[in-house]
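In: predicted structure and sequence below. I'll ask about it afterward.
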Amino acid sequence: MAKKFYLTCAIPYVNAAPHIGHALEFVQGDVIARYHALLGEETRLLSGGDENALKNVQAAEKAGVPIQQFVDDNTQKFLDLTKALGCRFDVWQKGSDQVHHFPASQKLWKLCAKAGDIYQKSYEGLYCVGCETFYEPSELNENGECFEHPGKKLENVSENNYFFRLSKYQSQLVELITKDQLRVIPDTRKNEVLSFLKQPLQDISISRSNERAKNWGVPVPGDDTQRIYVWFDALNIYQSGIGFGWNEEMYKKWWPADVHVIGKGITRFHAVYWPAFLLSAGLPLPRAIFVHEYFTVNGQKMSKTLGNVIDPVKLIDTYGADPLRYYFLAKFSPFSDGDFSEDEFKKVYNADLANGLGNLVSRTFGLAAQNFGGKIPAPDRDPDAHPLRTDPAIHTWKTAWKDIDASFRSYELNTGIGSVWKFLKDADKYINDQKPWELSKKDPKALAWVLYGLLDSIHQIAWQIYPYLPETALHIARAMGSEKLLLKNPVVKDGWTNIAPGTKLTLGKPLFPRL
RNA sequence: GCCAGGGUAGCUCAGCGGUAGAGCAGCAUCUUCAUAAGGUGACGGUCGAGAGUCCGAUCCUCUCCCCUGGCACCA
């Protein structure tokens, strides 16, 4: 049986439309999933809607829409975005799904309760009636008022809630993370979590009164006056989406997650709270947590008040999904904040996609059209001896495969695809060096050899970029009559299939028209 | 304030003890198979500031300045 690979993207808050940061994370999750599929593994990629938070209720009220309809509409926008981006999510689990998610959420609760880790305690805090939220003194202005409602005094409110015994799992968590049994990637985030775990851990509140929750969310088992609080509930979507609490066989097949893809802002919930819940419930822990950084926009943080929120759907409509995917994946390190600018994006599009890949394919196909009737020529030697595979002075596509593989192990996603573009540059240079336009008159055999190697390389490039730029990869493969090959879960490291001489080449429209 | 990471060519970044590197942009030049695309070359940097260690520091140590993140029940 094929190895399985299960990964998740964070489930977005659905109180507003998706922005470009969501697009980045979806693409990162998708490319990892696609690469593992390419390795022949059975993969599953999940995300969904974080719908049970109080903020959704408030946002729905403000919009004057019934809450369920509000979250349904907003969640759909995120799902639409994933499709526009060419991301293949196998599961899209909604938090408000009473058939699958509610039982899962309650099951996790019951398991933790059975372990003796849930108890009742009175929670006391400063409550802003305007925001309907509790605040810490540090979150307030100098008058002790919240920033949304200055002049409004906060009330000291106490409420009976259920608490989770987080403190009990402190030392276990330190050990698991230190020994990389729960990998936190990259190291800076791992160290951050470990330093957080050096302080004494407080137990956390995991329920809210119906009143405060506005009767929205998953009811606490055995207590119909309380709802399960969002974090205890939301993280569990990673399990409820694959059968936890409603299809044990499916759940056993996929759980634990091989990696959770998340943004840096929610590291603690994933690296501390979530594994603690699972330890308490006696369930296996995720193997890794991949923490990516954020986009700034033209040097500034993205925010609604600044009005610089970028709509990814608009960009896709204008430029297509693959160019955006390329920009995200090749031009940013997942481990440092990157600045998104449309001008820079256009530069990259022209330099790397139009002048780079697009032009290489175009000139190679042009040579085949003019000299070999638009067909793949037959080489007079063993393809494995071709300089584009073996020349030590060339950054070959074989080298690129190694770099791609390494990049998915380290999660430095940009280095693998960067290596493909290094090869691409050398292929361009190879054409200039060989001067095929001269060979066509004096040495047709040599020309066939040169061109075969180039077409062979383009075929490999299509294979290599398939996880990153699926649409483009298929376009190239179709043009070379090898799209079935591409979809066939090839074994990438030790073997590959040579292209067949005589195959008709039909490129059609250019891959990336210049902007 | 404390802890961690970073400040290197116009832009994005690599290098981390031995006369500063890449890609992109700009400039020059060669070439024509190609999407006015491709190749080559030159230009371009007191490697955040100051002090110290060393024969020698972008790289080690100290101080300072600036940026980013974390410092919990906030999603």
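Out: Now that the structure is in, tell me what you want to look at.
In: the stretch 401-515 of chain A against RNA strand B: which residues are in contact?
Out: The stretch 401-515 of chain A has residues A:425, A:428-429, A:431-433, A:436-437, A:510-514 near RNA strand B, with proximity defined as C-beta under 7 Å from any atom of the strand. To be clear about C-beta, it is placed using only N, CA and C from the backbone, and glycine gets the same treatment.
In: so where's the stretch 151-300 of chain A shaky on pLDDT?
Out: Along the stretch 151-300 of chain A, segments meeting pLDDT under 70 span A:151-152.
In: repeat the analysis, applying 80 as the threshold.
Out: A:151-157, A:298-300 (pLDDT under 80).
In: just the strands in it please.
Out: Secondary structure of the stretch 151-300 of chain A (DSSP state E, counting those that start in this stretch): strands located at A:155-164, A:183-185, A:204-205, A:207-209, A:219-220, A:223-228, A:259-263, A:288-292, A:295-297, A:300-301.
In: coming back round to it: of the residues of the stretch 401-515 of chain A next to RNA strand B, closest to residue A:229?
Out: Distances from residue A:229 to these, taken as C-beta to C-beta, are shortest for residue A:512 (47.6 Å).
In: coming back round to it: what's the most distant pair in the residues of the stretch 401-515 of chain A next to RNA strand B?
Out: Farthest-apart pair in those is A:433 and A:513; separation 27.9 Å (C-beta to C-beta).
In: out of everything not next to it in sequence, what's closest to residue A:437?
Out: Excluding its sequence neighbours, the residue lying closest to residue A:437 (C-beta to C-beta, 6 or more residues apart in numbering) is residue A:367, at 7.9 Å.
In: and the helix or strand that neighbour falls within, what does it pack against?
Out: Using DSSP states H and E, residue A:367 maps to helix A:359-372. With contacts taken as 3 or more C-beta pairs under 8 Å, 6 or more residues apart in numbering; DSSP states H and E, helix A:359-372 sits against helix A:413-434, helix A:436-442, helix A:444-465, helix A:470-479.
In: flag every buried residue along the helix or strand that it is followed by.
Out: The element immediately downstream of helix A:359-372 (helix or strand, assigned by DSSP H and E) is helix A:387-390. Buried positions in helix A:387-390, judged by neighbour count with 16 or more other C-beta atoms under 10 Å: A:387, A:388, A:389.
In: now do the contacts for the residue nearest to residue A:415 when sequence neighbours are not counted.
Out: Closest residue to residue A:415 apart from its sequence neighbours, by C-beta to C-beta, 6+ apart: residue A:407 at 4.4 Å. Taking C-beta atoms under 8 Å, 6 or more residues apart in numbering as the criterion, residue A:407 is in contact with A:413, A:414, A:415, A:416, A:417, A:419.
In: now these in JSON lines, with neighbour count and distance to residue A:400?
Out: Shown next, in JSON lines, are these (neighbours: other C-beta atoms under 10 Å; distance: C-beta to C-beta, whole Å):
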{"residue": "A:413", "neighbour count": "27", "distance to residue A:400": "14"}
{"residue": "A:414", "neighbour count": "17", "distance to residue A:400": "13"}
{"residue": "A:415", "neighbour count": "16", "distance to residue A:400": "10"}
{"residue": "A:416", "neighbour count": "27", "distance to residue A:400": "8"}
{"residue": "A:417", "neighbour count": "24", "distance to residue A:400": "9"}
{"residue": "A:419", "neighbour count": "21", "distance to residue A:400": "4"}
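In: which one of these is nearest to residue A:323?
Out: Distance to residue A:323 across the contacts of residue A:407 (C-beta to C-beta) is lowest for residue A:417, with 13.1 Å.
In: low-confidence regions, the stretch 351-500 of chain A specifically.
Out: A:483-497.
In: to what extent is the residue in it that RNA strand B sits nearest to buried, counted in neighbours?
Out: Nearest to RNA strand B in the stretch 351-500 of chain A, going by C-beta to the nearest atom of the strand, is residue A:358, at a distance of 1.6 Å. Using other C-beta atoms under 10 Å, residue A:358 has 19 other residues around it.
In: right, and the strands of the stretch 151-300 of chain A - which one's nearest residue A:310?
Out: Nearest of those (C-beta to C-beta): strand A:295-297, 5.9 Å.
In: in the closest one, which residues are buried?
Out: By neighbour count on 16+ other C-beta under 10 Å, the buried set for strand A:295-297 is A:295, A:297.
In: that strand pairs with which strands?
Out: Note on strand A:295-297: by DSSP bridges, its sheet partners are strand A:300-301 (antiparallel), strand A:338-340 (parallel).
In: that older thread, in CSV, list the buried residues of helix A:387-390 along with distance to RNA strand B.
Out: Putting those into CSV (distance: C-beta to the nearest atom of the strand, whole Å) gives the following:
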residue, distance to RNA strand B
A:387, 15
A:388, 14
A:389, 19
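In: can you put those residues in TSV and add distance to residue A:395?
Out: Below are the buried residues of helix A:387-390 laid out as TSV (distance: C-beta to C-beta, whole Å):
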residue	distance to residue A:395
A:387	12
A:388	10
A:389	12
